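Participant: just coords:
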């Protein structure tokens, strides 16, 4: 199987006063999907966007949106992100008390599920 390169601009890099316009520009420039980083200020030190911004971004593109939840115990927000338009939801292994249940929930919500691992986490964990 040949490797394929996919372009996934990060919505975190957008100027939020021009979000729709910048999404359209990236769409026209050949983006394959969009990456949406969510940070809660606890799992990682920054705080970023939530389901409301994702819902606004969804109205601006038909391309898939890949959501990366960098938040503690993400289960309570899975449904909100799925309803807001996520195509794939990635959670951190370190942040999920019951990873299997979390992944099953994501799939039951109609999204693809992914697992991210922090670089400092030992591979043998």
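Facilitator: Perfect, thanks for sending it. All values derive from a computational prediction rather than experimental measurement.
Participant: what sits up against stretch 98-110?
Facilitator: Stretch 98-110 has contacts (Cβ atoms under 8 Å, 6 or more residues apart in numbering) with 74-75, 78-79, 82, 89, 91, 93, 96, 112-113, 115. (Each C-beta comes from the backbone N, C-alpha and C, glycine too.)
Participant: Among these, which one sits closest to residue 32?
Facilitator: residue 112 (14.4 Å; Cβ to Cβ).
Participant: Do I have it right that the closest one meets residue 67?
Facilitator: No - Residue 112 is beyond contact range of residue 67, at 10.2 Å (criterion: Cβ atoms under 8 Å).
Participant: returning to that earlier point: neighbour count and pLDDT for the contacts of stretch 98-110 - can I get that in a markdown table?
Facilitator: Below are these laid out as a markdown table (neighbours: other Cβ atoms under 10 Å; pLDDT from 0 to 100):
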| residue | neighbour count | pLDDT |
| --- | --- | --- |
| 74 | 23 | 97 |
| 75 | 17 | 97 |
| 78 | 21 | 98 |
| 79 | 14 | 98 |
| 82 | 20 | 98 |
| 89 | 27 | 98 |
| 91 | 26 | 98 |
| 93 | 13 | 94 |
| 96 | 18 | 95 |
| 112 | 13 | 98 |
| 113 | 18 | 98 |
| 115 | 12 | 96 |
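Participant: Between residue 112 and residue 67, which contacts overlap?
Facilitator: Common neighbours of residue 112 and residue 67 (Cβ under 8 Å, 6+ apart) are 88-89.
Participant: just the helices in this structure please.
Facilitator: 19-29, 51-58, 78-84, 99-108 (DSSP state H).
Participant: Next, format these as TSV and append distance to residue 119.
Facilitator: Formatted as TSV, the helices of the chain follow (distance: least, Cβ to Cβ, whole Å):
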stretch	distance to residue 119
helix 19-29	27
helix 51-58	25
helix 78-84	24
helix 99-108	18
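Participant: re earlier: go through the contacts of stretch 98-110 and flag which are in strands.
Facilitator: Among the contacts of stretch 98-110, the members found in strands (DSSP state E) are 89, 91, 112-113, 115.
Participant: Thanks a lot, catch you later.
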